[in-house]
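J.: build me a model from this:
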Amino acid sequence: MADAAALERDNTTDLMLDLGKRARAAARVLAIAPTEQKNRALKAMAAAIRNQASDILTANARDVDSMTDNGVSAAFIDRGTLSDERIEAMAKGLDDIAALNDPVGAVTDEWQRPNGLNIRRVRTPLGVIGVIYESRPNVTADAGALCLKAGNAVILRGGSDSFHSSTAIRNALADGLKDADLPEDAIQMIPTTDRAAVGLMLGGLNGNVDVIVPRGGRGLVERVQTEARVPVFAHLDGICHVYIHKDADLDMARDVLVNAKMRRTGICGAAETLLVDRECAETHLEPLLSALQQAGCTIRGDQDIQSAGENIEAATEEDWGTEYLDSIISAKLVDNLDDAIDHIGRYGSSHTESIITGNQAAADAFQAQVDSAIVMHNASTQFADGGEFGMGAEIGIATGRMHARGPVGVEQLTSFKYCVDGSGQTRP
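T.: This is a model prediction of the structure:
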């Protein structure tokens with residue numbers, strides 16, 4: 001038994017190191033690939049997704065059946081389920097990315113020194129990106145396409161629950177790359193569910209992985225941050241807040257709140273906590289709570305919230321820091337704007353927050369003082385999405401403070417270098 005385990009470990013190591021070498025070779029080709037060729041690949045990938053929809057749905061059915069048999073939550077199953085509409089959305093996302101400006105080679109700044117040296121800051125690919133994600137198979141297409149447009153090779157590790165779906169999608173992407181005469185190794189999927197593969201990727205595969213992007217729950221992200229030997233674009237859980245300010249229009253507040261919580265409960269931009277200003281509680285609180293319950297949402301509230309409605313569960317300290325990803329919301333009365341900001345600072349995950357108010361000064365203060373990647377005014381937190389931001393798609397929402405923050409799109413998947421032109425200058 002021990003020999004068999006050792007053999008499996010050695011096989012996984014050899015497999016991963018080979019993936020890394022092939023990705024690095026592909027990255028060198030992509031770094032100088034012309035925009036037209038990359039766009040041709042993206043459009044061919046979109047066509048392949050559409051043409052192979054039946055195969056993708058068949059693979060997805062296997063994953064959904066397995067998730068159902070394993071008793072995972074309805075919200076988790078929803079995240080992993082594909083349909084004709086979701087497959088078309090994937091394909092459209094690829095077409096949208098093809099239409100974006102190519103960031104590679106763009107000059108972001110240029111100046112001339114007194115000695116005659118001309119200096120340009122030029123966008124360049126990052127190289128090889130490792131993307132580790134859970135449940136959502138559509139990330140396969142989004143991540144592959146975004147990395148390609150930015151001139152990067154990518155190694156994808158999807159969740160075991162969506163392994164067959166993600167593999168089928170990757171196969172379609174590979175066909176598109178082939179049609180455009182680009183290396184199929186530009187987008188690779190780890191072909192095993194062996195957990196050791198993740199540890200190897202976090203180690204950098206002998207210097208062949210430049211950046212890791214984790215997209216999933218806190219457990220995954222914390223493991224990546226702890227073990228990674230390469231830079232990480234952190235995507236923490238989405239503990240998103242909707243704050244109903246005392247000057248909020250009730251109809252707007254109700255519509256935005258229900259959408260923010262209930263449109264899709266299993267996405268990271270879903271609202272998880274409702275904060276209501278005490279000064280508008282008499283007029284706003286009961287209608288807001290009723291609207292949530294009528295939409296099928298369970299409410300866990302403090303004593304003030306419980307006294308304002310029926311069938312409201314008592315919130316615990318743990319609830320304020322919980323990402324439910326389900327039809328559940330925690331709710332609390334706050335004394336004022338500062339109290340709301342303090343609560344978000346204490347319990348939030350620096351993802352997305354929204355204030356509903358007709359008071360511009362309050363909105364300005366909220367957006368200035370709340371330290372989250374996305375801070376909205378009079379809009380649903382479910383707009384926290386690269387596609388909705390006009391980026392075509394996203395790999396995830398980065399909640400850290402270095403390099404990339406918010407939706408990680410094409411531009412965020414590049415770095416830069418300085419190109420210096422002279423005429424024979426020497427330094428005295």
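
J.: residue 59 is in contact with residue 168, isn't it?
T.: Yes. Using C-beta atoms under 8 Å, residue 59 is in contact with residue 168, at 3.9 Å. Every C-beta, even on glycine, is put in place using the N, C-alpha and C of the backbone.

J.: between these two, which has more neighbouring residues?
T.: Each of residue 59 and residue 168 had its neighbours counted (other C-beta atoms under 10 Å), and the higher figure belongs to residue 168 (25 against 22).

J.: what secondary structure does that one sit in?
T.: When the structure is split into helix, strand and coil by DSSP: H, G, I helix; E, B strand; the rest coil, residue 168 lands in helix.

J.: identify the residues contacting it.
T.: 52, 55, 56, 58, 59, 60 (C-beta atoms under 8 Å, 6 or more residues apart in numbering).

J.: repeat that for residue 400.
T.: Contact analysis of residue 400 by C-beta under 8 Å, 6+ apart lists 232, 233, 234, 350.

J.: now do the SS call for the last one.
T.: Okay, so that is residue 350. Of the three states, residue 350 takes coil according to three-state DSSP.

J.: can you give me the neighbour number for it?
T.: Around residue 350 there are 22 residues (other C-beta under 10 Å).

J.: hmm, who's touching whichever strand or helix holds residue 188?
T.: In this assignment (DSSP states H and E), residue 188 forms part of strand 187-189. With C-beta under 8 Å, 6+ apart as the contact definition, strand 187-189 has outside contacts at 19, 22-23, 140, 144, 147-148, 153-158, 166-167, 170, 173-174, 177.

J.: follow-up on the earlier one: out of the contacts of residue 168, which are buried?
T.: Buried positions within these, assessed by neighbour count (16 or more other C-beta atoms under 10 Å), are 52, 56, 59, 60.

J.: picking up where we left off before, in helices, which of the contacts of strand 187-189 appear?
T.: By the criterion of DSSP state H, membership of these in helices covers 19, 22-23, 140, 144, 147-148, 166-167, 170, 173-174, 177.

J.: rewinding a little: just checking, next helix/strand downstream of the strand holding residue 188?
T.: Moving toward the C-terminus from strand 187-189, the first helix or strand encountered (DSSP H and E) is helix 196-202.

J.: show me what that following helix is packed up against.
T.: Contact partners of helix 196-202 among helices and strands, from 3 or more C-beta pairs under 8 Å, 6 or more residues apart in numbering; DSSP states H and E: helix 2-31, strand 128-133, strand 153-157, helix 218-227.

J.: now do the buried residues in that helix.
T.: Taking 16+ other C-beta under 10 Å as the neighbour-count basis, helix 196-202 is seen to contain the buried residues 197, 198, 200, 201, 202.

J.: and if you look at stretch 411-422?
T.: Buried residues in stretch 411-422, counting neighbours by 16+ other C-beta under 10 Å, are found at 411, 412, 413, 414.

J.: what helix or strand is the nearest residue to the last one once chain neighbours are set aside on?
T.: Nearest residue to residue 414, sequence neighbours excluded (C-beta to C-beta, 6 or more residues apart in numbering): residue 123, at 4.5 Å. When secondary structure is defined using DSSP H and E, the element that contains residue 123 is strand 118-125.

J.: list of residues touching that strand?
T.: For strand 118-125, using C-beta under 8 Å, 6+ apart, the contacting residues are 27, 30-31, 103-113, 150-152, 411, 413-422.

J.: show me where pLDDT drops low in this structure?
T.: By pLDDT under 70, the weakly predicted segments of the chain are 1-9.

J.: give me that answer again for 80
T.: Low-confidence segments of the chain, defined by pLDDT under 80, are located at 1-10, 75, 135, 216-218, 234-236, 392-393, 401-403.

J.: and it, what are its domains?
T.: Domain assignment for the chain by automatic domain parsing gives 2-235+408-420, 240-383.

J.: turn those into JSON lines, columns for distance to residue 391.
T.: Listed next are the domains of the chain as JSON lines, based on distance: least, C-beta to C-beta, whole Å:
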{"stretch": "domain 2-235+408-420", "distance to residue 391": "3"}
{"stretch": "domain 240-383", "distance to residue 391": "12"}
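
J.: looking at these, which is closest to residue 395?
T.: Counting by C-beta to C-beta, residue 395 lies closest to domain 2-235+408-420 out of these; the figure is 4.5 Å.

J.: so who does residue 348 touch?
T.: For residue 348, the contacting residues are 239, 240, 241, 372, by C-beta under 8 Å, 6+ apart.
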